[in-house]
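K.L.:
Sequence plus predicted model, see below.
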Amino acid sequence: MMRVLIGVDQLEGAKEVSGWVHSLSFGSLVEEWVHIVPQQSGVVWALDPFLAADQTERLQEKTARQMERDLKQRSGSASVRVKIGTPTTELLNRADETNTDLLVVRGSNKNTLSAFFLGSIARALVEGASQSVLLTRGSAPQGPLRVVVAMDHSEYVEKALEKLVSWAPQGIGHLTVLYVLPAPYKADMDQLAQEIAHEAYGRPVRTPEEVTEAAAKALGVKLGLPMEAIHSVVAHGSVSQAIETTLDASDADLLILGAKGHSFLERLTLGSVSFRSVTTCPKSVLVLRA
């Protein structure tokens with residue numbers, strides 16, 4: 001049974017994040033909605049600091065109980081949990097307590113201040129969670145999802161994708177697998193590799209294009225997709241640019257990538273320009289952990 005924890009920042013955001021979970025249509029899941037009322041001091045001003053602190057606590061508790069009632073009216077069969085505290089810490093703790101498989105939060109908001117706040121939380125969750133994290137950006141589209149998977153052919157990413165397959169998502173209708181070669185990669189390196197392979201093994205080695213195409217077909221079949229809905233792309237140079245170009249070209253709704261890797265995703269490390277471009281891209285992003 002897959003466990004999904006949905007972090008709800010605002011009441012109107014609940015529909016967005018839960019909509020993505022339902023669009024992915026996982027095989028069997030237990031869903032919990034969690035809202036954290038930020039713990040603050042000085043919300044209520046009074047001459048007596050103890051009185052101010054008490055009134056602030058009462059106000060936060062009232063806000064929490066109202067949000068809990070509102071969420072329960074919208075959550076359907078999902079359980080609801082509302083707490084007062086630090087959003088990132090409470091969400092990470094709850095995910096660990098419940099052995100959550102997937103943590104889902106909104107990754108953006110039209111309001112500038114809210115967007116900065118949500119972006120900070122989303123980044124902290126991606127960095128700190130031991131679970132896979134789905135960052136939603138906008139409402140889930142109607143119909144099957146178009147997905148781009150960024151792959152480096154590492155063992156870690158392959159295991160992460162096996163976990164995705166085990167969740168049995170039925171909502172994916174189109175798959176593009178992307179592999180990015182470093183900028184210095186030259187065609188003559190292919191020729192050299194072929195010559196060495198012939199000498200050592202008596203047979204040619206597969207090209208990056210062949211390896212990526214085979215990986216795309218294998219993943220697509222496991223996801224239950226027809227061959228015409230499975231595609232592969234090999235790009236050169238900038239990872240972030242390749243991702244952006246492929247997302248646009250395939251009209252993708254969702255980007256999927258592994259949390260770490262040995263070659264391609266090593267250049268997509270936390271704090272790098274590439275990683276920032278992914279976490280702020282207009283598409284929803286699923287970061288898989290093996």
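P.N.:
Okay, I see it. Residues are numbered from 1 along each chain as shown.
K.L.:
mind listing the helices for the stretch 151-290 of the chain?
P.N.:
Assigned by DSSP state H, counting those that start in this stretch, the stretch 151-290 of the chain shows helices spanning 155-166, 187-201, 208-222, 239-249, 273-279.
K.L.:
Quick check: mean pLDDT of the shortest one?
P.N.:
If I follow you right, that is helix 273-279. Taken as a whole, helix 273-279 has an average pLDDT of 55.
K.L.:
for the protein, what spans make up the strands?
P.N.:
Using DSSP state E, the strands of the chain run over 2-7, 29-38, 79-85, 102-106, 132-136, 145-150, 172-181, 230-236, 254-258, 284-288.
K.L.:
average model confidence for the second one?
P.N.:
Taken as a whole, strand 29-38 carries a mean pLDDT of 86.
K.L.:
residues of it that come out buried?
P.N.:
Across strand 29-38, burial judged by 16 or more other Cβ atoms under 10 Å covers 29, 31-37. Placement of C-beta: from N, CA and C, glycine included.
K.L.:
In its sheet, which strands sit next to that strand, and in what direction?
P.N.:
Partners of strand 29-38 in the sheet, by DSSP bridges, are strand 2-7 (parallel), strand 79-85 (parallel).
K.L.:
centre of the chain versus the first one, how much separation?
P.N.:
This means strand 2-7. Mean C-alpha position of strand 2-7 versus that of the full chain (Cα atoms, centre = their mean, to the nearest Å) differs by 13 Å.
K.L.:
just stretch 139-157 next, same as before
P.N.:
Distance, stretch centre to chain centre, for stretch 139-157: 9 Å (Cα atoms, centre = their mean).
K.L.:
Repeat that for stretch 146-158.
P.N.:
Its chain's C-alpha centre and that of stretch 146-158 lie 13 Å apart, by Cα atoms, centre = their mean.
K.L.:
likewise stretch 90-106?
P.N.:
Centroid separation for stretch 90-106 versus its chain: 13 Å, with Cα atoms, centre = their mean.
K.L.:
One more: stretch 208-226?
P.N.:
21 Å.
K.L.:
What are the buried residues along it?
P.N.:
Neighbour count says stretch 208-226 has 208, 211-213, 215-217, 219-220, 223, 225 buried, by 16+ other Cβ under 10 Å.
K.L.:
CA atoms only for it, dumped as CSV, please.
P.N.:
What follows is stretch 208-226, C-alpha atoms only, in CSV (Å, rounded to 0.1, in the frame of the first residue of the first chain):
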residue,chain,number,x,y,z
PRO,A,208,24.1,6.8,-26.1
GLU,A,209,21.1,7.1,-28.5
GLU,A,210,20.6,3.3,-28.6
VAL,A,211,21.0,2.9,-24.8
THR,A,212,18.5,5.7,-24.1
GLU,A,213,16.0,4.4,-26.6
ALA,A,214,16.2,0.9,-25.0
ALA,A,215,15.8,2.4,-21.6
ALA,A,216,12.8,4.5,-22.7
LYS,A,217,11.1,1.4,-24.2
ALA,A,218,11.7,-0.7,-21.1
LEU,A,219,10.3,1.9,-18.8
GLY,A,220,7.4,2.7,-21.0
VAL,A,221,6.4,-1.0,-21.3
LYS,A,222,6.5,-1.3,-17.5
LEU,A,223,4.2,1.7,-17.2
GLY,A,224,1.8,0.1,-19.7
LEU,A,225,2.3,2.5,-22.6
PRO,A,226,2.0,1.7,-26.3
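K.L.:
Let me know the average pLDDT across that stretch.
P.N.:
Here the average pLDDT along stretch 208-226 is 94.
K.L.:
want to throw the buried residues of stretch 208-226 into JSON lines with distance to residue 240?
P.N.:
JSON lines is the format used below for the buried residues of stretch 208-226 (distance: Cβ to Cβ, whole Å):
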{"residue": "208", "distance to residue 240": "19"}
{"residue": "211", "distance to residue 240": "22"}
{"residue": "212", "distance to residue 240": "19"}
{"residue": "213", "distance to residue 240": "23"}
{"residue": "215", "distance to residue 240": "21"}
{"residue": "216", "distance to residue 240": "21"}
{"residue": "217", "distance to residue 240": "26"}
{"residue": "219", "distance to residue 240": "23"}
{"residue": "220", "distance to residue 240": "25"}
{"residue": "223", "distance to residue 240": "26"}
{"residue": "225", "distance to residue 240": "27"}
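K.L.:
now the protein, which segments are flagged as low pLDDT?
P.N.:
Along the chain, segments meeting pLDDT under 70 span 39-60, 63-64, 108-119, 183-205, 260-280.
K.L.:
Lovely, talk soon.
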